[in-house]
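Q: sequence unknown, structure follows:
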């Protein structure tokens, strides 16, 4: 059983469309990170959310942490081809032996 | 500030051989993590080193091992390579000084086992 469930697993959209990806868990996290990974490269940190209900904006990307700190969402407005990549969420449960627990990722393809 | 570096970028081995992958963390970071990422899939946690000690390991066989050196760089060794070991191996580092657990990743080593 995956501790962090990401949905959808795959998403293919046209440039200019909006999209939302989700990261859900039954566990509470002290913080949650979102990363983007491009083919053949390592994941790059996009944002860290800490407070329940927190909303952070990074240009066209909006990140929200659930009130109970169990889930998060990433909304992209007017997607561009450069947004293509694997989006990973990762939760910090201080008691976890690996520090961060990663979801399986959402593979986003933005078509021109 | 230099990021996490990994070497080599690509590695080709045959079944039964041994592979050694290297990682240098961000300066000041004492924790190093290793992950395996099979093609198109998520990250599978392998090993966590901090202050030279192995803190935890994921659900991988003992032929996956490693160590952390006094300068906090790290090696991942994979013995008796199998075809299914072909993957991108990612190293990440973190600092205890940050208020949240944030891991910074290197570009990875692409291992191909033939």
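A: That came through fine. A quick note: this is a predicted structure, and the numbers were derived from the prediction, not measured.
Q: mind listing the strands for chain A?
A: Listed in chain order, the strands of chain A (DSSP state E) span A:5-7, A:10-14, A:19-24, A:31-37, A:44-49, A:55-58, A:61-65, A:71-76, A:85-92, A:100-102, A:106-111.
Q: for the fifth one, packing partners?
A: The helices and strands touching strand A:44-49, judged by 3 or more CB pairs under 8 Å, 6 or more residues apart in numbering or on different chains; DSSP states H and E, are strand A:31-37, strand A:55-58, strand A:61-65. C-beta: built from backbone N, CA, C; applies to glycine.
Q: of all the ones you listed, which lies closest to residue A:76?
A: strand A:61-65 (5.6 Å; CB to CB).
Q: pairing partners for that closest one, with directions?
A: Here strand A:61-65 has these sheet partners by DSSP bridges: strand A:55-58 (antiparallel), strand A:71-76 (antiparallel).
Q: contacts for the first one next, please.
A: So the one you mean is strand A:55-58. With CB atoms under 8 Å, 6 or more residues apart in numbering or on different chains as the test, strand A:55-58 has contacts from A:46, A:47, A:49, A:62, A:63, A:64, A:65.
Q: of those, which is the nearest to chain B?
A: Distance ranking of the contacts of strand A:55-58 against chain B, using CB to the nearest CB, places residue A:49 first at 9.1 Å.
Q: can you list contacts of the lowest-mean-pLDDT helix or strand in chain A?
A: Sorted by mean pLDDT, DSSP states H and E, the helices and strands of chain A end with strand A:100-102, the least confident at a mean of 87. Contact partners of strand A:100-102, identified using CB under 8 Å, 6+ apart, comprise A:3-4, A:33, A:88-93, B:33, B:35, B:42-43, B:45, B:101, B:103.
Q: now, of those, which are buried?
A: A:4, A:33, A:88-93, B:33, B:35, B:42-43, B:45, B:101, B:103 (16 or more other CB atoms under 10 Å in any protein chain shown).
Q: out of the contacts of strand A:55-58, who has the most neighbours?
A: Of all those, the highest neighbour tally under other CB atoms under 10 Å in any protein chain shown goes to residue A:65, namely 24 neighbours.
Q: for that one, which non-adjacent residue is closest in space?
A: Once flanking residues are discounted, residue A:65 sits nearest to residue A:49: 3.8 Å by CB to CB, 6 or more residues apart in numbering or on different chains.
Q: correct me, but that neighbour touches residue A:71?
A: No. Using CB atoms under 8 Å, residue A:49 is not in contact with residue A:71; the gap is 10.8 Å.
Q: buried residues in stretch A:50-61?
A: Using 16+ other CB under 10 Å as the test for burial, stretch A:50-61 gives A:54, A:61.
Q: typo on my end, stretch A:20-28
A: Judged by neighbour count using 16+ other CB under 10 Å, the buried positions of stretch A:20-28 are A:21, A:22, A:23, A:24, A:25.
Q: that stretch near chain B at all?
A: No. Stretch A:20-28 is not in contact with chain B by CB under 8 Å from any CB of the partner chain; minimum separation 11.8 Å.
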